[in-house]
Structure formats: C-alpha cells, structure tokens
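In: this is a predicted model, with the sequence first.
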Amino acid sequence: MPELSPASPRPRHIAIIMDGNGRWAAKHGLERSAGHQAGADAVIRTLECCNQYAIPYLTLYAFSTENWKRSPKEVAFLMNLLVDFLDQQAAKLAEYQIRLRVIGDLERLPRPARLCLQQQITSTAANAKGNLTLALSYGSRHEITRAAQIVARLAKAGALDPEALDEDAFAGYLQTAGLPDPDLIIRTGGEQRLSNFLLWQASYAEIWFTETFWPDFAEPQFRQALDDFAHRQRRFGGI
Ligand code: IPE
Ligand code: IPE
Ligand code: MG
C-alpha cells in the first residue's frame, strides 16, 4: 500500500454512502436492525478518523428519500437509533469541536428526531474544528427541485434576475450552501452507484468504492481511501 505522507493531497470534504448494514446482518445471521446498530459504531470510528487525519468536513448519507419505502419497523428503528446516537455522541461532538448540520426533507422526520437534531445543531453551532453533516430523508433531486422552486418564486416576485443566476448563485439555494463540494465520495457495501446523493455537489468528486459492508468500515479502509485519493489526478476538465 502506498504511504500517506503529510504532503499528500488530502480531501477537505469526504462524503460517505454508508451501505451494507442489512447484508452484514444477514451474513452474521442477525436481524437487519443489528446491522444498523453496528453501523452506528462505524460512524463513531469514522468521526475519530476524520479527527485523526484532520479532515474538516464529513457528510454521511444516513437515510434517503427512497428509504421511506422500507418497512415501518425498520424506519422506526432507524429513527430511534438516530436519537440514541445523537444523545450518546453529544460529548464527542463537543470534545472534537464538531458542528452538526443536517440536509434533507426534515419535515418528514418524526418529532423526537427533529427536536433532538435541532437541539444539537444549536448547541454545536459555534464549533469550528470539524463539520458533520447528516443527510436524512435526503434526495438530491428533491433538493435541486426545491432550489428551483425557490428561484422561480423569487424571479416571479421580481426579486431575482434569471440572467444573473450563475452556478455559484444557484448552489446557494441548495441545502449544502456554505459547505465545500465533496472531494471524495466513499460508498461501502459493493454497489457502484450514487443513489440520489449529492448529484450537483459531486460533479468533480473522486469516487471510491469498497466491498466492505458499512459496519466493518474502520481505519484501514479509511486510510486506503485516503491513499488512493492521494494518487488520483484531478484535472477538472483541464489537461
Ligand atoms: C445502509 O444499509 C443503511 C441505510 C440505507 C439506512 P442498508 O440497510 O441499505 O443495507 P443493505 O444494502 O440492505 O445491505
Ligand atoms: C443508499 O443506500 C442510501 C443510504 C446509504 C442512506 P440504499 O441501500 O438505500 O441504496 P440502493 O437502494 O442500493 O440504491
Ligand atoms: Mg443498501
């Protein structure tokens, strides 16, 4: 494995599609919920890796708009897990000085999850070392459509000149406004697709796939993704 020297290019923003919890559980003869529970531990390990490798922005795809199609039992388990996770990790967010943000259609989340998120978003707002963004009830097409609606309403009201709208201005209407675009997108669990994640923001992200199921994701895989990233040539359309 190539060595990661301090001078190696590092991603400033890593976004992760945390996939494979259900298959991990099946492999171990467990219920899907046990896979999600084990996945929460992988989130903690990943936060520690970002702290250790000085990666300031981490975005985690935790629940997609399409995941509402799952059984009510699985959805309820995931929402409760989110609340437990936030309660248990509040101290870590403070210790690592991590600011929490959320992207997605939050109105669809159950009230306890919304309240808990709101409380942690507020209490971490002044933290400036790390940035954790949770994508919850998130779908990129929904986000882009919503941004288009805002822009259309402003234009209709005469508050925005359509000719003056450029890419940067449009990005300002996305929920990720103010966050840098991801440099590296990791997908665990073996599938090689984006599943409606950060389609606009990922335009020039490097993408790294691993067969490892999310609950098994740990420092060696994180490190390998960083090593591979360091050896990618990012040309951004140039030569
Ligand atoms: C990812 O794991 C977690 C969520 C989508 C919430 P999955 O639950 O999709 O696991 P697999 O893909 O069925 O193994
Ligand atoms: C993507 O995983 C969404 C999250 C990781 C939250 P899925 O398991 O929902 O994606 P598909 O269905 O395989 O595309
Ligand atoms: Mg999956």
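Out: Sure, I can see it. Ligands and ions are numbered 1, 2, ... in the order given.

In: and the helix or strand encompassing residue 145, does that touch ligand 2?
Out: In this structure, residue 145 is located in helix 140-156 according to DSSP states H and E. No. Helix 140-156 stays clear of ligand 2 (CB under 6 Å from any ligand atom), getting no nearer than 11.2 Å. Placement of C-beta: from N, CA and C, glycine included.

In: now check the longest helix that the chain contains, is it near ligand 2?
Out: Counting residues, the longest helix found in the chain (DSSP state H) is helix 72-95. No. For helix 72-95, no contact with ligand 2 is found by CB under 6 Å from any ligand atom; the gap never falls below 9.2 Å.

In: that helix packs against which elements?
Out: With contacts taken as 3 or more CB pairs under 8 Å, 6 or more residues apart in numbering; DSSP states H and E, helix 72-95 sits against helix 32-52, strand 57-64, helix 111-123.

In: next secondary structure after the helix holding residue 145?
Out: helix 167-171.

In: what residues sit buried inside that next one?
Out: Counting neighbours by 16 or more other CB atoms under 10 Å, one finds that the buried residues in helix 167-171 are residue 171.

In: what's downstream of it, the next helix or strand?
Out: Reading on from helix 167-171 to the C-terminus, the next helix or strand found by DSSP H and E is strand 184-187.

In: strands paired with that following strand, and their directions?
Out: strand 13-17 (parallel), strand 206-209 (parallel) (DSSP bridges).

In: tell me the mean pLDDT over the last one?
Out: Mean per-residue pLDDT for strand 206-209: 98.

In: can you name the residues in contact with that strand?
Out: 11, 183-187, 190-192, 225, 228-229, 232, 234 (CB atoms under 8 Å, 6 or more residues apart in numbering).

In: kindly recompute the last result at 7 Å.
Out: Residues from elsewhere that reach strand 206-209 (CB atoms under 7 Å, 6 or more residues apart in numbering): 183, 184, 185, 186, 187, 192, 225, 228, 229, 232, 234.

In: now stretch 11-30
Out: 31-32, 34-36, 38-39, 46, 55-62, 180-191, 195, 197-198, 213-216, 229.

In: residues in this structure within reach of ligand 2, list them.
Out: So the chain meets ligand 2 at 17, 18, 19, 61, 62, 63, 64, 66, 67, 191, 193, 195 (CB under 6 Å from any ligand atom).

In: rewinding a little: looking at the strands paired with strand 184-187, which is nearest to residue 143?
Out: The closest of the strands paired with strand 184-187 to residue 143 is strand 13-17. By CB to CB, the value is 13.5 Å.

In: is any part of that closest one close to ligand 1?
Out: No. Against ligand 1, strand 13-17 shows no contacts by CB under 6 Å from any ligand atom, the least distance being 8.1 Å.
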